[in-house]
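> sequence first, then the predicted structure, then my questions.
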Amino acid sequence: MRCLVCQNQSIEDSNSSLARDLRILVRDRVSAGDNDAAAINFVVDRYGDWVLLRPPMKWRTAILWLGPALFLILALTLIVFWYRRRQGPDAATGAPLNANEKAQLRALLDDGDHT
């Protein structure tokens, strides 16, 4: 079971007071005659599926399972859009030069050689 305070530690590894209370609760349930599954179900009924280190796949826990994949897809999509936008033509150099502009540019470049 997951520590509700530490989130990525089991209640056995956590030093939080809530994890200590959950350890005592589970031990008391097992001492009272519950098997492991009954003790775990008692805690899950009280705190929800999130208390499990490996929550079951249900519609209520789908975000726990699909969240990392959705985040990855979103991040990759944003990176692709950013990269494409960055590779796009600038407003000043986007359109090709027409014949008149080419002639003006050639004249400017030719004048620059004589000075």
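That came through, no problem.
> mind giving me the domain ranges of the protein?
As recorded under automatic domain parsing, the domains making up the chain are 1-56, 62-114.
> average model confidence for the first one?
The average of the pLDDT scores along domain 1-56 is 86.
> need the residue closest to the centroid of the chain.
Compute the mean C-alpha point of the chain, and by Cα atoms, centre = their mean the closest residue is residue 71, 3.9 Å away.
> surely residue 55 meets residue 47?
No - counting by Cβ atoms under 8 Å, residue 55 stays clear of residue 47, with 11.2 Å between them. (Each C-beta comes from the backbone N, C-alpha and C, glycine too.)
> could you pull out the buried residues of stretch 51-63?
Neighbour-count burial for stretch 51-63 flags 51, 52, 55 (criterion: 16 or more other Cβ atoms under 10 Å).
> residues making contact with that stretch?
1, 2, 4, 10, 22, 40, 43, 44, 49, 50, 64, 65 (Cβ atoms under 8 Å, 6 or more residues apart in numbering).
> understood, closing this out.
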